[in-house]
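[1] no sequence for this one, just the structure:
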């Protein structure tokens, strides 16, 4: 998988990263202001921030900055308005096994989901980035060794010519 998403140059890749950072910073700013206006802190919940940042980043990569901004605004609005979908552990009635199992299943599902998201981020972003960096470093090292070899060969040829003439 190529790490460069749009275009074929490193500049376009850096531009994409900078734009994603700006979108994520804007998302955080909007979520902070939205929470203070609406009185809720659901948009600041780490789960909601991660979800919003991930969907905004993917939308930017796939569709561009305007759809990404719309996606971020929609996600923040939904997170700020909708209540939490699962009860807290204190809301479970004593002795109610069905509620306890549902709560445990929801937590397990969420943990597995975060694990899968982390794995996908690593395999699709961090892994290719590290491989590209390693390949670039290796290519630079090979090029430097080639330049040294060419310089050595040129010096050797010059010495051979001097020894023939002299």
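    Arrived safely, thanks for sending. Just so you know, these numbers come straight off a predicted model, no measurement behind them.
[2] ok, and the closest non-adjacent residue to residue 68?
    Distance criterion Cβ to Cβ, 6 or more residues apart in numbering; nearest residue to residue 68, sequence neighbours excluded, is residue 60 at 3.7 Å. The way it works is simple: take the backbone N, C-alpha and C, and place the C-beta from them, glycine included.
[3] what's near enough to touch that neighbour?
    16, 19, 20, 23, 67, 68 (Cβ atoms under 8 Å, 6 or more residues apart in numbering).
[4] show the average pLDDT along stretch 68-82.
    Predicted confidence along stretch 68-82 averages 78 (mean pLDDT).
[5] which parts of that stretch are buried?
    By 16 or more other Cβ atoms under 10 Å, the buried positions in stretch 68-82 come out as 68, 69, 71, 72, 73, 75, 76, 79, 80.
[6] what two of those are the furthest from one another?
    Spanning the widest gap among those are 68 and 80, at 18.5 Å by Cβ to Cβ.
[7] picking up where we left off before, how close does the residue nearest to residue 68 sit to residue 126?
    18 Å (Cβ to Cβ, to the nearest Å).
[8] and the helices in this structure?
    10-38, 46-63, 65-81, 97-121, 127-165 (DSSP state H).
[9] got the domain ranges for this protein?
    The chain breaks down by automatic domain parsing into domains covering 1-85, 90-166.
[10] which of those sits most buried?
    domain 1-85 (a mean of 15; mean count of other Cβ atoms under 10 Å).
[11] mind listing what residue 107 touches?
    By Cβ under 8 Å, 6+ apart, residue 107 has no neighbours at all.
[12] would you single out the least confident of the helices of the chain?
    helix 10-38 (a mean of 63).
[13] got the contact list for residue 117?
    Contacts of residue 117 were listed using Cβ under 8 Å, 6+ apart, and they are 50, 54.
[14] mind doing that once more with 10 Å?
    By Cβ atoms under 10 Å, 6 or more residues apart in numbering, residue 117 lies in contact with 50, 51, 54.
[15] per-residue pLDDT, residue 2?
    pLDDT recorded at residue 2 is 44.
[16] surely residue 121 meets residue 54?
    Yes. Contact criterion Cβ atoms under 10 Å: residue 121 and residue 54 qualify, at 8.1 Å.
[17] any common contacting residues for the two?
    By Cβ under 10 Å, 6+ apart, residue 121 and residue 54 have no common neighbours.
[18] alright, that wraps it up for me.
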